[in-house]
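*Asks:* Pasting a predicted model and its sequence here:
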Amino acid sequence: MAYDPNNIFAKILRGEIPCVKVYEDDHVLAFKDIQPKRNVHVLVIPKGPYEDMTAFAEKATDAEIAAYTRAVAKIARELKVAEKGYRLIANTGADGHQEVPHLHFHILGGEPCGPMIKAKD
Ligand code: 5GP
């Protein structure tokens with residue numbers, strides 16, 4: 001899958017669509033999910049053009065990977081979910097039910113997240 005520069009998170013990064021920002025540094029932006037699934041629901045994205053975790057892990061620089069990983073912890077602390085815990089989700093590709101083709105981690109918490117995933121019937 002090639003990176004689509006017109007995906008909605010690319011537009012947020014360019015300032016063409018507003019967001020409720022919770023964190024930003026040279027490599028990372030985090031903002032509230034528009035349809036929160038828990039009391040805390042924040043999306044963490046790298047600023048670089050990576051469609052998913054596979055592309056990011058294979059192509060991003062060490063500095064980008066370090067910044068993205070460190071940002072998750074900083075944001076979890078700032079959101080006060082680090083102590084009681086949170087769920088980190090990276091839906092990836094079609095089977096992963098990824099809707100926006102720009103890598104994003106969902107940080108969900110502020111209340112119990114429930115079982116990880118429904119078992120197959
Ligand atoms: P995915 O299914 O790709 O893992 O998750 C995409 C997430 O992006 C969804 O939770 C959805 O609510 C969120 N989302 C989609 N469009 C927007 C938007 O324009 N602004 C924000 N803040 N979140 C969005």
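*Replies:* Thanks, I have the structure now. Residues are numbered from 1 along each chain as shown.
*Asks:* so what secondary structure elements neighbour the longest helix seen in the chain?
*Replies:* For the chain, the helix with the greatest residue count under DSSP state H is helix 62-78. Helix 62-78 is packed against strand 21-24, strand 28-32, strand 40-46, helix 53-59, strand 105-109, with contacts defined by 3 or more CB pairs under 8 Å, 6 or more residues apart in numbering; DSSP states H and E. For the C-beta atoms, the positions are set from N, CA and C on the backbone; glycine is no exception.
*Asks:* List of residues touching the shortest one?
*Replies:* Okay, so that is strand 21-24. Applying CB atoms under 8 Å, 6 or more residues apart in numbering, the external contacts of strand 21-24 come out as 29-32, 42, 44, 71, 74-75, 78-79.
*Asks:* Any of these buried? List them.
*Replies:* With neighbours counted using 16 or more other CB atoms under 10 Å, the contacts of strand 21-24 contain these buried positions: 29-31, 42, 44, 71, 74-75, 79.
*Asks:* if we can go back for a sec, quick one: distance of the longest helix of the chain to the chain centre.
*Replies:* Distance of helix 62-78 from its chain centroid, counting by CA atoms, centre = their mean, to the nearest Å, is 11 Å.
*Asks:* helices or strands next to the helix or strand just after it in the packing?
*Replies:* As assigned by DSSP states H and E, the chain's next helix or strand after helix 62-78 is strand 86-89. Based on contacts counted as 3+ CB pairs under 8 Å, 6+ apart, the elements that strand 86-89 packs against are strand 105-109.
*Asks:* hmm, who's touching the strand it packs on?
*Replies:* Looking at what lies outside strand 105-109 - CB under 8 Å, 6+ apart - the contacts are 30, 33, 37-45, 72, 75-76, 79, 81, 84-91.
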